[in-house]
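K.L.:
the sequence and its predicted three-dimensional model are supplied below.
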Amino acid sequence: MRGHTPFLRTSRTIGAALLALCLIAPASAFAFQPSPGSYTTPDESDLDNHNGYVNRDGQSVHSPAHSRSGRVPEGASAQCRDGTYSFSRHHRGTCSRHGGVAQWL
């Protein structure tokens, strides 16, 4: 086992460093964030509802909705398992009341 000691020490050191990085990094570092200017307001006439909410960043976001045309609406970030399209700007909580995320767009 003596031949494996340096490898184990190195593995433990790397593991500890990665754990520390995850613990000290802000949660926003791991959140889905579209590139600036990439968010497009959906065409309201193609959606079955006109509801919205304010996300944790204070931004107004359209609530999940079905597309009337059957096409992916502008600005959609995910399709939920119930067939609605989400316009969420973060992964966390996306489609939480719609069966979860079926696919990210």
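P.N.:
Cool, the structure landed.
K.L.:
contacting residues for the closest residue to Val54 other than its chain neighbours?
P.N.:
Counting by C-beta to C-beta, 6 or more residues apart in numbering, Val54 lies nearest to Ser60, which is 5.9 Å off, once chain neighbours are set aside. All C-beta atoms are positioned from the backbone trio N, CA, C, and that covers glycine. Contact analysis of Ser60 by C-beta atoms under 8 Å, 6 or more residues apart in numbering lists Gly52, Tyr53, Val54.
K.L.:
next: Ser67.
P.N.:
Contacts of Ser67 (C-beta under 8 Å, 6+ apart): Asp46, Leu47, Asp48, Pro73, Tyr85.
K.L.:
generate CSV for the residues you listed, with neighbour count as supplementary columns.
P.N.:
Shown next, in CSV, are the contacts of Ser67 (neighbours: other C-beta atoms under 10 Å):
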residue, neighbour count
Asp46, 17
Leu47, 22
Asp48, 9
Pro73, 23
Tyr85, 26
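K.L.:
quick one, strands of this structure?
P.N.:
With DSSP state E as the criterion, the chain has strands at 52-54, 60-62, 78-80, 85-86, 101-104.
K.L.:
so which of those strands comes closest to Ser69?
P.N.:
When the strands of the chain are compared by C-beta to C-beta, strand 85-86 sits nearest Ser69, at 11.3 Å.
K.L.:
hmm, back to that, in TSV: the contacts of Ser67, plus pLDDT and distance to Ala65.
P.N.:
Listed next are the contacts of Ser67 as TSV, based on pLDDT from 0 to 100; distance: C-beta to C-beta, whole Å:
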residue	pLDDT	distance to Ala65
Asp46	91	9
Leu47	94	4
Asp48	94	5
Pro73	94	7
Tyr85	96	6
